[in-house]
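**Q** All I have is the shape, not the residue letters:
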(Lines give C-alpha, C1' and ligand atoms only; values in the text may rest on other atoms or scores of the structure.)
Protein backbone atom coordinates (compact mmCIF):
# COMPACT_ATOMS: atom_id res chain seq x y z
CA UNK A 1 0.00 0.00 0.00
CA UNK A 2 1.31 3.40 -0.88
CA UNK A 3 1.14 5.48 2.29
CA UNK A 4 3.42 4.04 4.94
CA UNK A 5 3.74 4.67 8.63
CA UNK A 6 7.08 6.31 9.41
CA UNK A 7 9.27 3.39 10.46
CA UNK A 8 12.72 2.40 9.32
CA UNK A 9 13.09 -0.12 6.51
CA UNK A 10 12.66 -3.76 7.62
CA UNK A 11 15.66 -6.00 8.06
CA UNK A 12 16.22 -8.04 4.87
CA UNK A 13 15.44 -11.75 4.81
CA UNK A 14 13.58 -14.04 7.18
CA UNK A 15 15.73 -14.12 10.30
CA UNK A 16 13.27 -13.93 13.24
CA UNK A 17 15.77 -14.30 16.07
CA UNK A 18 16.48 -10.62 16.78
CA UNK A 19 12.93 -9.39 16.34
CA UNK A 20 11.37 -12.17 18.39
CA UNK A 21 13.84 -11.61 21.22
CA UNK A 22 12.79 -7.97 21.40
CA UNK A 23 9.12 -8.85 21.22
CA UNK A 24 9.48 -11.32 24.10
CA UNK A 25 11.04 -8.59 26.20
CA UNK A 26 8.14 -6.26 25.42
CA UNK A 27 5.58 -8.95 26.14
CA UNK A 28 7.05 -9.48 29.60
CA UNK A 29 5.95 -5.94 30.43
CA UNK A 30 2.27 -6.48 29.65
CA UNK A 31 -0.02 -5.95 32.63
CA UNK A 32 -0.96 -8.95 34.76
CA UNK A 33 -4.47 -10.18 35.59
CA UNK A 34 -3.83 -9.05 39.17
CA UNK A 35 -3.15 -5.50 37.97
CA UNK A 36 -6.47 -5.47 36.12
CA UNK A 37 -8.23 -6.65 39.29
CA UNK A 38 -6.65 -3.78 41.20
CA UNK A 39 -7.57 -1.25 38.52
CA UNK A 40 -11.21 -2.38 38.52
CA UNK A 41 -11.49 -1.59 42.23
CA UNK A 42 -10.19 1.96 41.79
CA UNK A 43 -12.52 4.58 43.22
CA UNK A 44 -11.87 7.12 40.48
CA UNK A 45 -9.77 7.88 37.40
CA UNK A 46 -7.07 9.57 39.49
CA UNK A 47 -6.45 6.28 41.28
CA UNK A 48 -6.03 4.55 37.93
CA UNK A 49 -3.54 7.20 36.84
CA UNK A 50 -1.53 6.65 40.02
CA UNK A 51 -1.48 2.89 39.49
CA UNK A 52 -0.34 3.15 35.87
CA UNK A 53 2.18 5.98 36.15
CA UNK A 54 5.06 3.56 36.82
CA UNK A 55 4.14 1.22 33.96
CA UNK A 56 4.82 1.35 30.22
CA UNK A 57 1.91 3.80 29.98
CA UNK A 58 3.44 6.32 32.39
CA UNK A 59 5.20 8.64 29.89
CA UNK A 60 2.14 8.84 27.64
CA UNK A 61 -0.15 9.47 30.60
CA UNK A 62 2.09 12.24 31.92
CA UNK A 63 2.01 13.93 28.52
CA UNK A 64 -1.74 13.57 28.10
CA UNK A 65 -2.80 14.84 31.54
CA UNK A 66 -0.93 18.14 31.30
CA UNK A 67 -4.23 19.80 30.39
CA UNK A 68 -6.35 17.81 32.83
CA UNK A 69 -6.61 14.44 34.57
CA UNK A 70 -9.73 13.43 32.67
CA UNK A 71 -10.93 10.09 31.29
CA UNK A 72 -10.51 11.51 27.77
CA UNK A 73 -6.87 12.41 28.49
CA UNK A 74 -6.12 8.93 29.83
CA UNK A 75 -7.83 7.39 26.82
CA UNK A 76 -5.63 9.52 24.56
CA UNK A 77 -2.57 8.21 26.42
CA UNK A 78 -3.64 4.60 25.84
CA UNK A 79 -4.09 5.18 22.12
CA UNK A 80 -0.74 6.97 21.85
CA UNK A 81 0.99 4.12 23.66
CA UNK A 82 -0.54 1.49 21.40
CA UNK A 83 0.35 3.40 18.23
CA UNK A 84 3.91 3.98 19.44
CA UNK A 85 4.30 0.32 20.42
CA UNK A 86 3.06 -0.98 17.06
CA UNK A 87 5.32 1.42 15.16
CA UNK A 88 8.29 0.34 17.27
CA UNK A 89 7.67 -3.33 16.57
CA UNK A 90 7.20 -2.77 12.84
CA UNK A 91 10.51 -0.91 12.85
CA UNK A 92 12.63 -3.92 13.87
CA UNK A 93 10.90 -6.76 12.00
CA UNK A 94 12.58 -8.63 9.18
CA UNK A 95 11.23 -8.21 5.64
CA UNK A 96 8.96 -11.25 5.66
CA UNK A 97 7.47 -10.49 9.07
CA UNK A 98 7.02 -6.84 8.10
CA UNK A 99 4.98 -7.85 5.04
CA UNK A 100 2.90 -10.46 6.86
CA UNK A 101 2.15 -8.38 9.94
CA UNK A 102 1.65 -5.25 7.87
CA UNK A 103 -0.97 -7.08 5.81
CA UNK A 104 -2.88 -8.11 8.94
CA UNK A 105 -2.62 -4.59 10.34
CA UNK A 106 -4.28 -3.35 7.18
CA UNK A 107 -7.53 -4.00 9.06
CA UNK A 108 -6.73 -0.85 11.03
CA UNK A 109 -6.62 1.21 7.83
CA UNK A 110 -10.01 -0.32 7.09
CA UNK A 111 -11.23 0.61 10.58
CA UNK A 112 -9.85 4.15 10.36
CA UNK A 113 -11.26 4.92 6.93
CA UNK A 114 -14.65 3.51 7.93
CA UNK A 115 -14.60 5.62 11.09
CA UNK A 116 -13.81 8.73 9.08
CA UNK A 117 -16.52 8.24 6.48
CA UNK A 118 -19.04 7.37 9.21
CA UNK A 119 -18.07 10.52 11.05
CA UNK A 120 -18.48 12.61 7.93
CA UNK A 121 -21.83 10.95 7.23
CA UNK A 122 -23.01 11.84 10.75
CA UNK A 123 -21.51 15.36 10.53
CA UNK A 124 -19.30 14.82 13.59
CA UNK A 125 -16.63 17.33 14.52
CA UNK A 126 -13.09 16.44 13.31
CA UNK A 127 -11.80 15.99 16.85
CA UNK A 128 -14.63 13.58 17.66
CA UNK A 129 -13.65 11.41 14.70
CA UNK A 130 -9.91 11.61 15.35
CA UNK A 131 -10.32 10.54 18.98
CA UNK A 132 -11.34 7.08 17.82
CA UNK A 133 -8.57 6.43 15.29
CA UNK A 134 -5.50 4.22 15.64
CA UNK A 135 -2.61 4.97 13.30
CA UNK A 136 -1.13 1.47 13.32
CA UNK A 137 -1.68 0.61 9.67
CA UNK A 138 -0.25 2.20 6.53
CA UNK A 139 -1.95 5.57 7.04
CA UNK A 140 0.18 7.77 9.32
CA UNK A 141 -1.15 10.00 12.13
CA UNK A 142 -0.53 13.06 9.94
CA UNK A 143 -2.47 11.56 7.04
CA UNK A 144 -5.39 10.60 9.26
CA UNK A 145 -5.40 14.13 10.69
CA UNK A 146 -5.67 15.56 7.18
CA UNK A 147 -8.57 13.24 6.32
CA UNK A 148 -10.65 14.11 9.40
CA UNK A 149 -10.33 17.83 8.62
CA UNK A 150 -11.93 17.45 5.19
CA UNK A 151 -15.45 18.65 4.51
CA UNK A 152 -17.22 15.50 3.41
CA UNK A 153 -16.90 11.92 2.18
CA UNK A 154 -16.24 12.93 -1.41
CA UNK A 155 -13.32 15.11 -0.28
CA UNK A 156 -11.93 12.17 1.71
CA UNK A 157 -12.12 9.91 -1.34
CA UNK A 158 -10.59 12.56 -3.62
CA UNK A 159 -7.69 13.00 -1.21
CA UNK A 160 -7.06 9.25 -1.05
CA UNK A 161 -7.03 9.27 -4.87
CA UNK A 162 -4.43 12.06 -4.83
CA UNK A 163 -2.27 10.07 -2.42
CA UNK A 164 -2.51 6.97 -4.58
CA UNK A 165 -4.14 4.97 -1.81
CA UNK A 166 -5.53 1.67 -3.08
CA UNK A 167 -8.58 2.21 -0.86
CA UNK A 168 -9.57 5.06 -3.18
CA UNK A 169 -10.46 2.57 -5.92
CA UNK A 170 -13.29 0.73 -4.11
CA UNK A 171 -14.56 3.96 -2.56
CA UNK A 172 -14.77 5.75 -5.90
CA UNK A 173 -16.67 2.82 -7.33
CA UNK A 174 -19.24 2.95 -4.52
CA UNK A 175 -19.67 6.73 -4.31
CA UNK A 176 -22.48 6.83 -6.86
CA UNK A 177 -24.55 4.31 -4.90
CA UNK A 178 -23.92 6.24 -1.70
CA UNK A 179 -24.92 9.49 -3.39
CA UNK A 180 -28.23 8.02 -4.54
CA UNK A 181 -29.47 6.67 -1.23
CA UNK A 182 -27.09 7.97 1.41
CA UNK A 183 -26.54 4.41 2.64
CA UNK A 184 -23.08 3.85 4.09
CA UNK A 185 -23.36 0.10 3.55
CA UNK A 186 -22.28 0.44 -0.07
CA UNK A 187 -19.05 2.21 0.91
CA UNK A 188 -18.26 -0.11 3.81
CA UNK A 189 -18.93 -3.24 1.79
CA UNK A 190 -16.64 -1.98 -0.97
CA UNK A 191 -13.88 -1.41 1.59
CA UNK A 192 -14.37 -4.82 3.21
CA UNK A 193 -14.26 -6.62 -0.13
CA UNK A 194 -11.17 -4.74 -1.21
CA UNK A 195 -9.26 -5.47 1.98
CA UNK A 196 -10.17 -9.17 2.18
CA UNK A 197 -9.13 -9.68 -1.45
CA UNK A 198 -5.95 -7.60 -1.15
CA UNK A 199 -4.87 -9.33 2.05
CA UNK A 200 -5.66 -12.84 0.78
CA UNK A 201 -3.56 -12.21 -2.33
CA UNK A 202 -0.62 -11.01 -0.24
CA UNK A 203 -0.90 -14.00 2.09
CA UNK A 204 -0.85 -16.68 -0.59
CA UNK A 205 1.81 -19.36 -0.38
CA UNK A 206 2.74 -22.48 1.55
CA UNK A 207 5.46 -21.25 3.89
CA UNK A 208 4.54 -21.87 7.53
CA UNK A 209 4.58 -18.19 8.47
CA UNK A 210 2.36 -17.26 5.52
CA UNK A 211 -0.09 -20.05 6.38
CA UNK A 212 -0.27 -18.86 9.98
CA UNK A 213 -0.93 -15.24 8.97
CA UNK A 214 -3.54 -16.39 6.45
CA UNK A 215 -5.31 -18.34 9.19
CA UNK A 216 -5.60 -15.20 11.33
CA UNK A 217 -6.91 -13.28 8.33
CA UNK A 218 -9.44 -16.06 7.71
CA UNK A 219 -10.77 -15.77 11.25
CA UNK A 220 -11.14 -12.01 10.84
CA UNK A 221 -13.04 -12.46 7.57
CA UNK A 222 -15.27 -15.10 9.17
CA UNK A 223 -16.11 -12.67 11.97
CA UNK A 224 -17.25 -10.04 9.49
CA UNK A 225 -19.35 -12.59 7.57
CA UNK A 226 -20.96 -13.90 10.74
CA UNK A 227 -21.85 -10.43 12.01
CA UNK A 228 -23.28 -9.64 8.58
CA UNK A 229 -25.43 -12.77 8.82
CA UNK A 230 -26.80 -11.68 12.20
CA UNK A 231 -27.54 -8.19 10.89
CA UNK A 232 -29.34 -9.58 7.84
CA UNK A 233 -31.78 -11.36 10.16
CA UNK A 234 -33.11 -7.97 11.25
CA UNK A 235 -33.14 -6.22 7.87
CA UNK A 236 -35.43 -6.30 4.88
CA UNK A 237 -33.13 -6.18 1.85
CA UNK A 238 -35.96 -5.24 -0.48
CA UNK A 239 -35.16 -7.94 -3.01
CA UNK A 240 -31.38 -7.49 -2.89
CA UNK A 241 -29.54 -10.82 -2.78
CA UNK A 242 -27.63 -11.34 0.48
CA UNK A 243 -24.88 -12.97 -1.61
CA UNK A 244 -23.42 -9.54 -2.40
CA UNK A 245 -22.38 -9.15 1.24
CA UNK A 246 -20.20 -12.27 1.34
CA UNK A 247 -16.45 -11.79 1.79
CA UNK A 248 -14.18 -14.46 0.37
CA UNK A 249 -11.13 -15.76 2.23
CA UNK A 250 -12.66 -16.97 5.47
CA UNK A 251 -11.33 -19.96 7.40
CA UNK A 252 -14.60 -21.79 8.12
CA UNK A 253 -17.49 -19.75 6.70
CA UNK A 254 -17.75 -20.74 3.04
CA UNK A 255 -19.95 -18.97 0.51
CA UNK A 256 -22.40 -21.89 0.61
CA UNK A 257 -22.65 -21.72 4.39
CA UNK A 258 -23.06 -17.93 4.28
CA UNK A 259 -25.86 -18.21 1.72
CA UNK A 260 -27.58 -20.88 3.82
CA UNK A 261 -27.43 -18.75 6.97
CA UNK A 262 -28.60 -15.67 5.10
CA UNK A 263 -31.85 -17.48 4.29
CA UNK A 264 -32.61 -18.36 7.92
CA UNK A 265 -35.10 -16.54 10.12
CA UNK A 266 -33.61 -16.41 13.61
CA UNK A 267 -30.42 -16.58 15.65
CA UNK A 268 -31.05 -20.13 16.89
CA UNK A 269 -31.17 -21.40 13.32
CA UNK A 270 -27.91 -19.61 12.49
CA UNK A 271 -26.19 -21.15 15.51
CA UNK A 272 -27.47 -24.58 14.49
CA UNK A 273 -26.00 -24.06 11.00
CA UNK A 274 -22.65 -23.25 12.62
CA UNK A 275 -22.51 -26.41 14.74
CA UNK A 276 -19.72 -27.93 12.60
CA UNK A 277 -17.53 -24.82 13.00
CA UNK A 278 -15.46 -23.75 16.01
CA UNK A 279 -17.66 -20.66 16.39
CA UNK A 280 -20.71 -22.57 17.60
CA UNK A 281 -19.56 -23.03 21.19
CA UNK A 282 -18.29 -19.44 21.44
CA UNK A 283 -21.59 -17.95 20.26
CA UNK A 284 -23.85 -20.37 22.13
CA UNK A 285 -22.10 -19.34 25.36
CA UNK A 286 -23.46 -15.81 25.01
CA UNK A 287 -26.92 -16.52 23.59
CA UNK A 288 -28.57 -15.92 26.99
CA UNK A 289 -26.90 -12.50 27.22
CA UNK A 290 -28.03 -11.71 23.68
CA UNK A 291 -31.64 -12.61 24.54
CA UNK A 292 -31.42 -10.44 27.66
CA UNK A 293 -29.80 -7.41 25.99
CA UNK A 294 -31.00 -7.79 22.42
CA UNK A 295 -27.75 -6.35 21.08
CA UNK A 296 -25.57 -7.87 18.37
CA UNK A 297 -22.55 -6.39 20.16
CA UNK A 298 -22.73 -9.48 22.39
CA UNK A 299 -21.86 -11.67 19.40
CA UNK A 300 -19.30 -9.17 18.15
CA UNK A 301 -17.45 -9.26 21.45
CA UNK A 302 -17.61 -13.08 21.55
CA UNK A 303 -16.04 -13.30 18.10
CA UNK A 304 -13.38 -10.77 19.07
CA UNK A 305 -12.60 -12.98 22.07
CA UNK A 306 -12.25 -16.05 19.85
CA UNK A 307 -10.00 -14.37 17.27
CA UNK A 308 -7.92 -12.82 20.06
CA UNK A 309 -7.27 -16.16 21.71
CA UNK A 310 -6.39 -17.80 18.41
CA UNK A 311 -3.95 -14.97 17.67
CA UNK A 312 -2.37 -15.50 21.09
CA UNK A 313 -2.10 -19.23 20.36
CA UNK A 314 0.02 -18.28 17.33
CA UNK A 315 2.79 -17.30 19.72
CA UNK A 316 3.01 -20.81 21.17
CA UNK A 317 4.29 -22.39 17.97
CA UNK A 318 7.57 -21.82 16.17
CA UNK A 319 9.86 -19.73 18.45
CA UNK A 320 11.54 -18.39 15.33
CA UNK A 321 8.37 -17.58 13.40
CA UNK A 322 5.99 -14.65 12.92
CA UNK A 323 3.52 -16.02 15.48
CA UNK A 324 5.48 -14.43 18.35
CA UNK A 325 4.91 -10.95 16.91
CA UNK A 326 1.27 -11.57 15.98
CA UNK A 327 0.52 -12.83 19.49
CA UNK A 328 2.18 -9.84 21.14
CA UNK A 329 0.47 -7.19 19.00
CA UNK A 330 -2.95 -8.75 19.53
CA UNK A 331 -2.26 -9.02 23.27
CA UNK A 332 -1.23 -5.36 23.35
CA UNK A 333 -4.37 -4.33 21.51
CA UNK A 334 -6.46 -6.36 23.95
CA UNK A 335 -4.69 -4.78 26.91
CA UNK A 336 -5.47 -1.28 25.64
CA UNK A 337 -9.09 -2.25 25.00
CA UNK A 338 -9.37 -3.56 28.56
CA UNK A 339 -7.83 -0.39 29.99
CA UNK A 340 -10.21 1.82 28.03
CA UNK A 341 -13.18 -0.18 29.33
CA UNK A 342 -11.95 0.16 32.92
CA UNK A 343 -11.41 3.91 32.68
CA UNK A 344 -14.79 4.53 31.07
CA UNK A 345 -16.49 2.17 33.53
CA UNK A 346 -14.85 3.80 36.53
CA UNK A 347 -15.78 7.27 35.27
CA UNK A 348 -19.49 6.37 35.13
CA UNK A 349 -19.51 4.29 38.32
CA UNK A 350 -19.86 0.87 36.68
CA UNK A 351 -19.62 -1.98 39.25
CA UNK A 352 -16.41 -3.98 38.98
CA UNK A 353 -18.27 -7.27 38.35
CA UNK A 354 -20.00 -5.70 35.33
CA UNK A 355 -16.67 -4.34 34.14
CA UNK A 356 -15.06 -7.76 34.43
CA UNK A 357 -17.66 -9.25 32.06
CA UNK A 358 -16.63 -6.72 29.41
CA UNK A 359 -12.91 -7.59 29.57
CA UNK A 360 -10.94 -10.30 27.82
CA UNK A 361 -8.30 -11.33 30.36
CA UNK A 362 -5.55 -13.51 28.89
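**A** Nice, thanks for sending it over. Just so it is clear, the structure is predicted and the values come from calculations on it, not from any experiment.
**Q** so who does residue 56 touch?
**A** 29, 81, 85 (C-beta atoms under 8 Å, 6 or more residues apart in numbering). Placement of C-beta: from N, CA and C, glycine included.
**Q** now residue 175, nearest residue through space, not along the chain?
**A** Excluding the flanking residues, the one nearest residue 175 by C-beta to C-beta, 6 or more residues apart in numbering is residue 157, at 6.2 Å.
**Q** ok, and what's touching stretch 262-282?
**A** 222, 226, 229-230, 232-233, 242-243, 245, 252-253, 257, 260-261, 283-284, 287, 290, 302-303, 305-306.
**Q** in the stretch 151-300 of the chain, which spans are helices?
**A** Under the criterion DSSP state H, counting those that start in this stretch, helices of the stretch 151-300 of the chain are mapped to 153-163, 168-181, 185-202, 208-233, 255-262, 267-273, 279-284, 287-293, 297-313.
**Q** which one of those lies closest to residue 72?
**A** Taking C-beta to C-beta, helix 297-313 is the member of the helices of the stretch 151-300 of the chain nearest to residue 72, at 22.1 Å.
**Q** other SSEs contacting the closest one?
**A** For helix 297-313, the elements it packs on are helix 208-233, helix 279-284, helix 287-293, helix 323-347, judged by 3 or more C-beta pairs under 8 Å, 6 or more residues apart in numbering; DSSP states H and E.
**Q** Can you check what angle separates the longest one from helix 297-313?
**A** What it means is helix 208-233. 170 degrees (axes from the mean of the first three to the mean of the last three C-alpha atoms, to 10 degrees).
**Q** sorry, back to before: need the least confident one among the helices and strands packed on helix 297-313, by mean pLDDT.
**A** Ranked by mean pLDDT, the helices and strands packed on helix 297-313 bottom out at helix 287-293, which scores a mean of 90.
**Q** and that one, which residues are buried?
**A** Buried positions in helix 287-293, judged by neighbour count with 16 or more other C-beta atoms under 10 Å: 289, 290.
**Q** Now do it: everything it contacts.
**A** Residues outside helix 287-293 that contact it (C-beta under 8 Å, 6+ apart) are 267, 268, 271, 296, 298, 299.
**Q** With stretch 24-37 instead?
**A** Under C-beta under 8 Å, 6+ apart, the answer for stretch 24-37 is 51, 55-56, 85, 89, 324, 327-328, 331-332, 335, 338-339, 342, 359, 361.
**Q** roughly how far is it from the heart of the chain?
**A** 21 Å (C-alpha atoms, centre = their mean, to the nearest Å).
**Q** ok, back up a step: drop anything exposed from the contacts of helix 287-293.
**A** 267, 271, 298, 299.
**Q** Tell me the one of these nearest residue 184?
**A** Using C-beta to C-beta, these come closest to residue 184 at residue 299, 20.6 Å.
**Q** Looks like the closest one contacts residue 223 (just checking).
**A** No: taking contacts as C-beta atoms under 8 Å, residue 299 lies outside contact range of residue 223: 9.4 Å.
**Q** So for residue 99, which of the helices and strands packed on helix 297-313 sits nearest?
**A** Of all the helices and strands packed on helix 297-313, the one in closest proximity to residue 99, counting by C-beta to C-beta, is helix 208-233 (9.1 Å).
**Q** buried stuff in the closest one?
**A** 209-210, 212-226, 228-230, 232.
**Q** Stretch 62-76 now?
**A** Per 16+ other C-beta under 10 Å, stretch 62-76 contains these buried residues: 64, 65, 71, 73, 74, 75, 76.
**Q** Straight-line length of that stretch, end to end?
**A** End-to-end distance of stretch 62-76: 11 Å, with C-alpha to C-alpha, to the nearest Å as the criterion.
**Q** can you list contacts of that stretch?
**A** By C-beta under 8 Å, 6+ apart, stretch 62-76 touches 45-46, 48-49, 53, 61, 77, 80, 131, 340, 343-344, 346-347.
**Q** how about those residues, which pair is most distant?
**A** 53 and 131 (22.2 Å).
**Q** Give me the more crowded residue out of those two.
**A** Shown here are residue 53 and residue 131; by other C-beta atoms under 10 Å, residue 131 has more neighbours (16 against 13).
**Q** what sits against that one?
**A** Contact analysis of residue 131 by C-beta under 8 Å, 6+ apart lists 72, 75, 76.
**Q** Mind telling me what element the second one is part of?
**A** If I follow you right, that is residue 75. helix 71-92 (DSSP states H and E).
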